[in-house]
Structures are given as C-alpha cells and as structure tokens.
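Visitor: sequence and computational prediction follow.
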Amino acid sequence: MRARENPFRVERQHALRFRFPVGEDHESLLARAAARGGRGAIVGPHGSGKTTLLLELADHLRARGHRVRELRIGAPRHSLTHGECAALSEGLGPRDAVLFDGAGHLAPWHWWSLARALRPAAFVLVSSHRAGRLPTLLRTQTSFELLRELALELAPGLEPERIDAAWRSAGGDLRAAWRGLFEVCAGREGG
C-alpha cells in the first residue's frame, strides 16, 4: 500500500478530533482557564492528545477574536532562544492567547522568565507531562478503548487483534500505536 493511501497516514490522524471526557468540551475548558486568570495546563502522558487539543483550542480562540501565538518544543530542547522569547511576548495584549506545546520541557528558571513576559496575554495555555507550572485544566489519558474507537474510524475493517497488538507494543502511547498501525497497513498489502 502506498503511504498516501494508508488510513493511518499523518494527515488522517491530524483530522481526528480530540475526545473529551463526558461533560467536557472546548468551551468548558476555556471557561475554566478564564476563571484561573486565563492560565492553565493540559497534562498527560506521551501520545494522549495534548497537541491535538491545543491545536483545536487555538482554532476556538481565533473564532472568539483572539490573536493566537503558538510554540512547540520537544524533549531534547529545554530552552528557547532570546529571539523566540521576544517574538512570543512582543506586543502582547488582552486579545492575545499564547499556546505552548511542551512547556514542561523548559528548565524552571527559563519557564518563570517566560511566564513573566507572557503576563499581558489574555490566555496562556500549555501542555506538559507533569502538573505544576500552571493550574491543571484537563488530564489527558490513553486507553485501549480510545485507540480502538479512533483506529476503526480511520480503518473500519481493521482486525481487532491488530489494534490489540499495536496497543501492547506501544505501551499505552497512542502516537506509537499509530505508527504501528501504519506499518501494519503498509505491510498487509506488500507495501
């Protein structure tokens, strides 16, 4: 199977919507953030939907008339350049929202310096693997049931044992399970 035909290709995964716990949605999450001074964290393990949720929140904030600034850093990187900090914080005001994916990777002293620079923004929403830097708005989780629901949305005929095998080998990381399912689909047809 060609990569562009694979049901688990990246663009199809990115088209999936974040699955909120019962009784939660984008608006309730943003209301909770607003009640906490516009600050909050989405906390959860690798591959649990934090990035997807931040991207969706960015769209909701734009629809509300906010200017959104987004930043993402990963595990090997624990700081921002002076230029990145300046670009992120320059000219912030009450209609601005800053969404920082991977804020938990920053060293504590760097985080506090950045947090101070972001004070003028109406919203500062971050993702992290651990709670602590900002009030926790939502804890994301993974589960076999979630993987099964999402996998069958992308590939309705996929055998349940393939989903189970991907889940077991990924150790609960949905992103790793997606890679495994991509490989399964690519290999099933000799691709």
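Guide: Good, I have the coordinates.

Visitor: please count neighbours and contacts with C-alpha atoms only from this point.
Guide: Will do.

Visitor: next, name the residue at the spatial heart of the chain.
Guide: The residue lying closest to the centre of the chain (C-alpha atoms, centre = their mean) is Thr51, at 1.3 Å.

Visitor: does that one belong to a helix, a strand or coil?
Guide: Secondary structure for Thr51, judged by DSSP: H, G, I helix; E, B strand; the rest coil, is helix.

Visitor: ok, and what's touching the strand or helix carrying Cys185?
Guide: In the assignment (DSSP states H and E), Cys185 maps to helix 174-188. With C-alpha atoms under 8 Å, 6 or more residues apart in numbering as the test, helix 174-188 has contacts from 1-3, 6-9, 46-48, 142, 147, 162-163, 166-167, 169-170.

Visitor: picking that back up, give me the neighbour count for the closest residue to the residue nearest to the centre of the chain other than its chain neighbours.
Guide: With C-alpha to C-alpha, 6 or more residues apart in numbering as the criterion, Thr51 has its nearest non-adjacent residue at 6.4 Å, and that residue is Asp101. Around Asp101 there are 23 other residues, counting by other C-alpha atoms under 10 Å.

Visitor: cool, and Arg168?
Guide: Counted with other C-alpha under 10 Å, residues neighbouring Arg168 total 13.

Visitor: so for it, what's the pLDDT?
Guide: Per-residue pLDDT puts Arg168 at 93.

Visitor: ok so, going back, now the helix holding Cys185: buried residues?
Guide: Of all the residues in helix 174-188, those buried under the rule 16 or more other C-alpha atoms under 10 Å are 174-186.

Visitor: mind pulling up the pLDDT for the nearest residue to Ile73 once chain neighbours are set aside?
Guide: Nearest residue to Ile73 in three dimensions, chain neighbours excluded: Gly102, at 5.2 Å (C-alpha to C-alpha, 6+ apart). Predicted confidence (pLDDT) for Gly102: 89.

Visitor: report the contact partners of Leu150.
Guide: Leu16.

Visitor: typo on my end, Leu29
Guide: By C-alpha under 8 Å, 6+ apart, Leu29 lies in contact with 137-138.

Visitor: before we move on, what about Leu88?
Guide: Contact analysis of Leu88 by C-alpha under 8 Å, 6+ apart lists 69, 71, 98, 118.

Visitor: please repeat the previous calculation with a cut-off of 10 Å.
Guide: Counting by C-alpha atoms under 10 Å, 6 or more residues apart in numbering, Leu88 touches 69-71, 82, 98-100, 114, 117-118.

Visitor: low-confidence regions, the chain specifically.
Guide: 75, 188-191 (pLDDT under 70).

Visitor: show me how the record splits it into domains.
Guide: Residue ranges for the domains of the chain, per automatic domain parsing: 3-16+142-188, 26-139.

Visitor: so which residues of the protein form strands?
Guide: 39-43, 67-72, 96-101, 123-128, 136-139 (DSSP state E).

Visitor: tabulate the ones you listed (TSV), appending distance to Asp59.
Guide: Converted to TSV, the strands of the chain look like this (distance: least, C-alpha to C-alpha, whole Å):
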stretch	distance to Asp59
strand 39-43	16
strand 67-72	9
strand 96-101	11
strand 123-128	13
strand 136-139	18
